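> coordinates only, sequence not included:
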């Protein structure tokens, strides 16, 4: 893991008056406490999505952390200001999205690290609407009871809602449905599914990202499927894939089933044309669990 550079701290709360120019923010939460300095500097490796030319690392400075949410895996923070990412040669990339820092609890450090690995695999396998992990780090203040970790992710969607019904207009709703349907197919093709589907949808544009992949897992296909697209899934694999598909389908209102159908068919055709079609064992599950997809 990369290292996080953290300054001195007076451990004042977010609403406290500071007598020093440098101070830390502290939150006491249900699963533990989190402390961060006013400025956190992280050095992260260049990712596959970066359009930097040259350089293997880049630096980001995050100031004035704000708690966004907390769950069983950890707490998530946004920041007032983010210095543009740069590599040692001084070149910057075009990552304009806001960043989030997820900090594990003492018992979930390895889980959060695995989430970053999963997000990297989804990116490598071209799952476009998945959250991106830019790097994994050690939490600055460790205890003997457990090693905590942090991951830097993007993007932070400030106007996010959880359902298509909350999106502002029909065009944005169609955009969200299109992304959800394509992500369903792309994640199946990547052999990675999650039993805890968590979308964030932009209220104004419909842009959709899928977050919190702590429950995601890689599915092993029958050995014959890699060659002939045949074979049978085991009971557990079939159940997990069916549950994932059912959760994704449930995100789409019935009024937008045709939009979803068009997106799925388009994505399947694109994969076929690229020479990497969805294996039949997965397409069969997709057709069984998707009321708006005609059987082939």
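Perfect, thanks for sending it. On a predicted model such as this, the values are computed, not experimentally measured, just so you know.
> so how far is stretch 192-204 off the chain centroid?
9 Å (C-alpha atoms, centre = their mean, to the nearest Å).
> mind checking the end-to-end distance for that stretch?
Distance across stretch 192-204, first residue to last, is 29 Å (C-alpha to C-alpha, to the nearest Å).
> do the same with stretch 25-43
21 Å.
> For it, what is the distance to the chain centroid?
With C-alpha atoms, centre = their mean, you get 21 Å for stretch 25-43.
> Now do the buried residues in it.
The neighbour-count check on stretch 25-43 (16 or more other C-beta atoms under 10 Å) flags 25-27, 31-32, 34-43 as buried. The C-beta positions use only the backbone N, C-alpha and C, and glycine is treated the same way.
> again with stretch 235-251
Neighbour-count burial for stretch 235-251 [16+ other C-beta under 10 Å]: 237, 238, 240, 241, 242, 244, 245, 247, 248, 249, 251.
> wait, which of these is closest to residue 197?
residue 247 (4.2 Å; C-beta to C-beta).
> At the geometric centre of this structure, which residue do we find?
Centroid-nearest residue in the chain, with C-alpha atoms, centre = their mean: residue 131, separated by 2.5 Å.
> domain assignment for this protein?
4-154, 160-289 (automatic domain parsing).
> Which of those domains has the lowest mean pLDDT?
Lowest mean pLDDT of those: domain 4-154, a mean of 76.
> follow-up on the earlier one: and the buried residues of stretch 235-251, which two are the farthest apart?
So, the buried residues of stretch 235-251 by C-beta to C-beta: farthest apart are 237 and 251, at 22.2 Å.
> Mind checking which of the buried residues of stretch 235-251 are in strands?
Nothing among the buried residues of stretch 235-251 maps onto strands, per DSSP state E.
> In helices, which of these appear?
If you go by DSSP state H, the buried residues of stretch 235-251 have 237, 238, 240, 241, 242, 244, 245, 247, 248, 249 in helices.
> Quick check: the first one touching residue 217?
When you say that, I think you mean residue 237. No - assessed by C-beta atoms under 8 Å, residue 237 is found out of contact with residue 217, at 9.9 Å.
> list the contacts for residue 73?
Residue 73 sits next to 102, 104, 105, 108, 111, 112, 115, 212, 214 when contact means C-beta atoms under 8 Å, 6 or more residues apart in numbering.
> Export those as CSV, with columns for secondary structure.
Putting the contacts of residue 73 into CSV (DSSP: H, G, I helix; E, B strand; the rest coil) gives the following:
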residue, secondary structure
102, strand
104, strand
105, coil
108, coil
111, helix
112, helix
115, helix
212, coil
214, coil
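> Export the residues you listed to JSON lines and append columns for distance to residue 150.
Output for the contacts of residue 73, formatted as JSON lines (distance: C-beta to C-beta, whole Å):
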{"residue": "102", "distance to residue 150": "7"}
{"residue": "104", "distance to residue 150": "7"}
{"residue": "105", "distance to residue 150": "12"}
{"residue": "108", "distance to residue 150": "11"}
{"residue": "111", "distance to residue 150": "13"}
{"residue": "112", "distance to residue 150": "7"}
{"residue": "115", "distance to residue 150": "11"}
{"residue": "212", "distance to residue 150": "15"}
{"residue": "214", "distance to residue 150": "14"}
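> Tell me the spatial nearest neighbour of the residue nearest to the centre of the chain, not counting adjacent residues.
residue 211 (4.8 Å; C-beta to C-beta, 6 or more residues apart in numbering).
> Now do that neighbour against residue 217, distance only.
Here residue 211 is placed at a distance of 16 Å from residue 217 (C-beta to C-beta, to the nearest Å).
> my guess is the residue nearest to the centre of the chain meets residue 120, correct?
No - shown here, residue 131 and residue 120 do not form a contact pair, counting by C-beta under 8 Å, at 10.8 Å.
> Phi, psi for residue 166 please.
Dihedral pair for residue 166: phi -90, psi 0, per degrees, to the nearest 10.
> before we move on, back to that, now do the contacts for the residue nearest to residue 131.
131, 153, 198, 199, 200.
> Just the buried ones out of the residues you listed, please.
So, by 16+ other C-beta under 10 Å, the buried ones in the contacts of residue 211 are 131, 153, 198, 199, 200.
> Give the full set of residues in contact with the last one.
Contact analysis of residue 200 by C-beta under 8 Å, 6+ apart lists 157, 160, 161, 162, 208, 209, 210, 211.
> now those residues in a markdown table, with distance to residue 272 and secondary structure?
Below are the contacts of residue 200 laid out as a markdown table (distance: C-beta to C-beta, whole Å; DSSP: H, G, I helix; E, B strand; the rest coil):
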| residue | distance to residue 272 | secondary structure |
| --- | --- | --- |
| 157 | 32 | coil |
| 160 | 33 | strand |
| 161 | 34 | strand |
| 162 | 33 | coil |
| 208 | 24 | strand |
| 209 | 26 | strand |
| 210 | 24 | strand |
| 211 | 29 | coil |
